[in-house]
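Novice: Fold the following for me, if possible:
(chains A, B, C and D)
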Number of protein chains: 2
Amino acid sequence: MARTVFEKPDAIALVAEVFRELGYEGASMSHITARTKLSKGSLYHFFPGGKEEMAAEIMANIDTWFVMEMFRPLEEGEPRAAIARMWETTDSYFRSGRRICLIGAFALDETRDRFSAAIQGYFYRWIEALAGALVKAGLPGAEAKTLAEEAVVGIQGALTLARALGDDTIFGRTLTRLKERLESALA
Amino acid sequence: MARTVFEKPDAIALVAEVFRELGYEGASMSHITARTKLSKGSLYHFFPGGKEEMAAEIMANIDTWFVMEMFRPLEEGEPRAAIARMWETTDSYFRSGRRICLIGAFALDETRDRFSAAIQGYFYRWIEALAGALVKAGLPGAEAKTLAEEAVVGIQGALTLARALGDDTIFGRTLTRLKERLESALA
DNA sequence: GACCTTCTAAACTGATCGGTCTATAAGATA
DNA sequence: TATCTTATAGACCGATCAGTTTAGAAGGTC
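Specialist: Got it, this is the predicted structure:
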């Protein structure tokens, strides 16, 4: 029998896309094996804890990616450049709105109860990192917090509407609007 | 055997809450029977088409409610009063952010494919109705469209974050911000 | 080559899935 | 009271679920 060898990072990325398309409950093991071409043997070898472990590792993986690519630059880099980079990173990560936020989707059903700490931490840190950069760029704390919250709210809402309306333009339009709002606050 | 008699509108409301909590795939028939106290016999009596028919009727029900309570007033009533009423209706319908938007949640996983027309129509009409009221209140069409879209995006994003963060205040804060933005555009 | 670890393939299991069916309870009509 | 309609209860069905197990393929180490 033909044997394809995968490594765990590949497995995580492949399974993540299935969860993203079908949701946690909607992604059955047979969907996952069919779409990823990983056999059950492989999946349970990499993730002995089954679906729950897959989802936990995927979320940890996403979290690490955001920390490296967005949160740390916001926290440690030159604030205006890091914010500019955040908009680009956001647009490319979410494929201009054609790819949903798995963490946000998990927040909406009872999957949230399984992973509440990870979900909460992801959004909390995003808002805090952006607010911190805005403060470093010269805004008062309260205004920075409000604007940061508004930005993350807008990104999540735009992802929902992009998907709901099947509209490829609303995400970019929303990002531009949010970006301009931050820039005019910093001007 | 004790026999409890339900009427169909009760069944719709009860099942809706289960979908809202668990999502479409997460809400199994046994969850639904356990939480609603409706037996399978009753459920399939009211909804011969099973889960799919339940979800379709629930969405139609929500849609009708929004049309009556929000979209029609926006389309036909005095625009400023209708917009003011929209914010109140939104806050109370979503229980200040403790209740999610079922239509928005369905948009995020493959449930969307089953109900895409209903999902798309709901958001499209909401944005159109609000934009129409803004035009009637004196705004240029393009600005009205942008502001309406921003409002609905913000509401959906705030629902996601309210749930993700377990934060009871973010929804109200976002509604207030969006409301003020519309008011200053109209001033 | 012998051995060992890592990984894959798929048959298999018991539980749960969505959905069907039968029996009957309760009210309406007469 | 007899009958008819509507709605409820829950046993039952085949399919699919998540997860386990067995067997062996591939590659590294000696």
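Novice: how about the helices in chain A?
Specialist: A:8-22, A:29-36, A:40-46, A:50-66, A:72-76, A:79-93, A:102-108, A:111-114, A:116-136, A:141-165, A:170-186 (DSSP state H).
Novice: mind checking which of those helices is nearest B:F115?
Specialist: With CB to CB as the measure, helix A:141-165 is the member of the helices of chain A nearest B:F115 (10.1 Å). Heads up, the C-betas are built off the backbone N, CA and C, glycines and all.
Novice: Quick check: which of the helices of chain A is buried the most?
Specialist: Per residue and on average, the most neighbours among these fall to helix A:102-108, with a mean of 25 (mean count of other CB atoms under 10 Å in any protein chain shown).
Novice: Would you tell me whether it gets close to chain B?
Specialist: Yes - using CB under 8 Å from any CB of the partner chain as the criterion, contacts between helix A:102-108 and chain B involve A:I103, A:G104, A:A105, A:A107, A:L108.
Novice: Check stretch A:132-142 too.
Specialist: No - contact between stretch A:132-142 and chain B is absent, the nearest approach being 11.7 Å (criterion: CB under 8 Å from any CB).
Novice: What average pLDDT does that stretch get?
Specialist: The pLDDT scores in stretch A:132-142 average 97.
Novice: Next: stretch A:41-61.
Specialist: What stretch A:41-61 shows for mean pLDDT is 95.
Novice: ok, is it in contact with chain B or not?
Specialist: No - figure legend: stretch A:41-61 not in contact with chain B (CB under 8 Å from any CB); closest approach 12.1 Å.
Novice: follow-up on the earlier one: closest to DNA strand C among the residues of helix A:102-108 next to chain B?
Specialist: Lowest distance from DNA strand C to the residues of helix A:102-108 next to chain B (CB to the nearest atom of the strand) belongs to A:L108, with 17.9 Å.
Novice: okay, that closest one: pLDDT?
Specialist: Reported pLDDT at A:L108 in the predicted model: 95.
Novice: Ignoring the adjacent residues along the chain, who's closest to it?
Specialist: Distances taken as CB to CB, 6 or more residues apart in numbering or on different chains put B:A105 closest to A:L108, at 4.4 Å, once the chain neighbours are dropped.
Novice: wait, doesn't the one you found sit right on B:E25?
Specialist: No - no contact is recorded between B:A105 and B:E25 when judged using CB atoms under 8 Å, the distance being 11.1 Å.
Novice: on that earlier part again, right, and the helices of chain A - which one's nearest DNA strand C?
Specialist: Comparing the helices of chain A against DNA strand C with CB to the nearest atom of the strand, the closest turns out to be helix A:40-46 (2.1 Å).
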